[in-house]
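Asker: could you look at this predicted model? Sequence included:
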Amino acid sequence: MFEGLQNKLLTSLKKLSGQSKISEKNIDETLREIRLALLEADVNFKVVKIFLDQVKAKALGAEVLGSLSAGQAFTKIVHDELISLLGNETPELDVRGEPGLIFLVGLQGAGKTTSAAKLAQFIRKKFSKRPGLVPADVYRPAAIEQLKTLGKQLDVPVFDSKATDKPEDILERAKVWAKQEMIDVLILDTAGRLQIDVTLMKELSRLKAMAAPKEILLVVDAMLGQESVNVAEGFNKELGITGLVLTKIDGDARGGAALSIRHTTGIPIKFLGIGEKLSDFEVFHPDRLASRILDMGDVLSLVEKAQEFVDEKSAMEQAKRLAKSKFTMNDFLSQIQMMKKMGGMGSILKMLPGAGQMMKKMEDMTVPDKEIKKVEAIIHSMTPKERANHKILNGSRRKRIAQGSGTQPSDINKFITQFEQAQKMMSQVMKMGFGRGGMKLPF
C-alpha cells in the first residue's frame with residue numbers, strides 16, 4: 001500500500017544524506033518533494049500542511065549529533081512526526097462486560113463481515129475469551145451466510161439470524177443466546193449501505209441505545225483515500241465511533257486514508273486488514289507503521305508472528321540437526337510451511353529494514369514466493385527415503401520427481417545444489433556461533 005509513498009519519501013530524504021548540516025535551504029527543498037509525495041498519496045492537504053510545518057519547526061536549528069548525517073537526523077524527525085500523525089499510542093480494545101459487546105459498522109463492501117470473523121479470532125487468541133458472531137445485516141442475506149461459513153471455519157459460534165428478522169430482535173435474542181452459550185464477547189456485524197443515509201443511521205442508533213456497546217468499530221476501505229475521512233466523520237457524528245479498522249491495506253491504496261483519518265477525525269485506528277486470509281489482521285501500532293513507510297522495517301511484528309507460528313520444540317530439534325550437518329529435506333519443508341503461515345517470504349522480507357529498496361532491485365528476478373512454491377512441489381514429489389537422504393537422488397529419481405512436480409530435471413539439479421550450499425553454510429554459521437571458544441550449544 002505504501003510502496004509509492006515510500007519510494008518518493010526515501011528519494012527525497014536521500015538528497016540530504018552526506019550533508020553535515022541541516023539548513024533552511026536544504027530543508028525547504030526536501031519538504032517540497034515530501035509535500036508532493038504526500039499529496040500524490042492522497043493525504044488530506046490540511047494534514048500535509050500541519051505535518052510539514054511541524055517537521056520544519058523541529059528541523060530548523062537542529063544539530064547533527066554524533067555520527068548522524070543531516071539526512072539521518074532529518075529522517076528521524078520525519079519518522080517521529082509520522083508517529084505523531086498516526087496517533088502515538090496503540091489503543092486497547094475494550095472487551096469488558098457480560099457479555100462484552102462490539103459493533104462493526106461501515107459502508108457496503110468495506111469488509112465488515114470478514115473483519116468480524118478476524119476480530120473474533122484475535123479476541124480468542126489475545127484475551128483467551130470465547131467470542132460469538134451475530135449476523136445483523138438482514139438486507140444482504142449473503143452476509144449472514146458468509147459469517148456463518150467463516151464462523152464454522154474458525155470454530156466460533158454464530159447466532160442463527162434470518163434475513164426475515166428485524167435487527168433489534170436479533171440483538172435481543174443474541175444477548176440471551178450469549179449467556180446460554182457462555183460467550184464472553186459478542187461481535188455484531190451490522191448492515192451497510194453504498195453511502196451514509198438517514199435510514200441506516202437511525203437503525204444503528206436504535207441498536208446502540210438498546211445495548212450500549214463497549215466498542216463501535218468503523219470498518220473503512222483504505223482504497224477510499226481522502227473520502228474515508230468524510231465517511232468516518234459521518235458515522236462518528238451519529239454513533240460516537242471508538243475505533244477504526246482499515247481494510248485492504250495490501251491493495252493498491254496510496255496510503256492517504258491511514259495518514260489522514262486519525263489526525264482529522266481524532267478516532268484511533270485499532271486494526272489493519274492486511275490480506276484476505278483470516279489470519280491477515282494486525283493490531284495497529286503507529287510507530288511500526290511509520291517505520292515501514294520509511295523502510296526501517298518492523299522487526300517487532302516479525303518477532304510476534306514468529307512466536308505465534310513457530311513451534312519452539314521443532315525449531316530446537318532442527319537446530320541440533322543443523323549443527324551436526326543432518327538438516328534434511330523434511331526440515332527444509334517444515335521451514336517453508338512455517339514461512340507460509342507467517343504470510344510468505346515476501347511478507348517476511350517487507351518487515352526487514354531496507355527491504356523495500358532491496359525488493360525494488362529484485363523486481364526483475366524470480367518472485368521469492370513463486371520460487372518457494374516450486375521447491376515445495378519438488379520436495380512433495382520425493383519419497384520419505386529421498387527426503388531423509390538426498391544423496392540417493394540419481395538421474396532416474398530426479399526425472400521422476402521432475403514429472404511429479406511439473407518441473408524440469410534441470411530445476412531439480414539446481415535445487416539440490418542450492419540446498420547443499422545452504423546446508424553447508426548454515427552448518428558453518430552454527431559451528432562459528434556455538435563452537436570452541438564461543439557460546440556452547442543449547443542442547
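Answerer: Arrived safely, thanks for sending.

Asker: show me how the protein divides into domains.
Answerer: With domains defined by automatic domain parsing, the chain comprises 3-86, 100-285, 311-434.

Asker: show the end-to-end separation of the longest one, please.
Answerer: When you say that, I think you mean domain 100-285. Domain 100-285 has an end-to-end distance of 24 Å (Cα to Cα, to the nearest Å).

Asker: what helix or strand is residue 188 on?
Answerer: Assigned by DSSP states H and E, residue 188 belongs to strand 185-189.

Asker: need the residues that contact that strand.
Answerer: 95, 97, 99-104, 112-113, 116, 119-120, 123, 127, 129-137, 143, 147, 171, 174-175, 178, 207, 213 (Cβ atoms under 8 Å, 6 or more residues apart in numbering). All C-beta atoms are positioned from the backbone trio N, CA, C, and that covers glycine.

Asker: quick one: the strands in this structure?
Answerer: In the chain, the strands defined using DSSP state E lie at 100-105, 131-135, 185-189, 215-221, 243-247, 269-273, 281-283.

Asker: need these in TSV with mean pLDDT, distance to residue 44 and mean neighbour count, can you?
Answerer: Formatted as TSV, the strands of the chain follow (pLDDT from 0 to 100; distance: least, Cβ to Cβ, whole Å; neighbours: other Cβ atoms under 10 Å):
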stretch	mean pLDDT	distance to residue 44	mean neighbour count
strand 100-105	97	22	25
strand 131-135	98	34	27
strand 185-189	97	29	26
strand 215-221	95	14	25
strand 243-247	94	15	26
strand 269-273	93	15	23
strand 281-283	92	23	19
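
Asker: list just the one of the ones you listed that sits closest to residue 6.
Answerer: Set against residue 6 and scored by Cβ to Cβ, these come closest in strand 269-273, at 16.1 Å.

Asker: note down every partner strand of that closest one and its orientation.
Answerer: Strand 269-273 sits in its sheet next to strand 243-247 (parallel), strand 281-283 (antiparallel), going by DSSP bridges.

Asker: roughly how far out does the last one sit from the chain middle?
Answerer: Okay, so that is strand 281-283. Centroid separation for strand 281-283 versus its chain: 6 Å, with Cα atoms, centre = their mean, to the nearest Å.

Asker: again with the longest one
Answerer: Strand 243-247 has its C-alpha centroid displaced from the chain centroid by 12 Å (Cα atoms, centre = their mean).

Asker: can you list contacts of it?
Answerer: 91, 93, 104, 110-111, 114-115, 119, 215-222, 232, 257-258, 261-262, 267-273, 284.

Asker: next one: the shortest one
Answerer: With Cβ under 8 Å, 6+ apart as the test, strand 281-283 has contacts from 90, 115, 118-119, 121-122, 270-274, 301.

Asker: measure residue 194 to residue 244 for me?
Answerer: 20 Å (Cβ to Cβ, to the nearest Å).

Asker: again with residue 79
Answerer: The value you get for residue 79 to residue 244, if Cβ to Cβ is used, is 22 Å.

Asker: one more: residue 281?
Answerer: 14 Å.

Asker: next one: residue 107
Answerer: Remark: distance between residue 107 and residue 244 (Cβ to Cβ) = 13 Å.

Asker: dump the strands of the chain to TSV, plus distance to residue 21.
Answerer: Listed next are these as TSV, based on distance: least, Cβ to Cβ, whole Å:
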stretch	distance to residue 21
strand 100-105	51
strand 131-135	55
strand 185-189	54
strand 215-221	42
strand 243-247	39
strand 269-273	36
strand 281-283	39
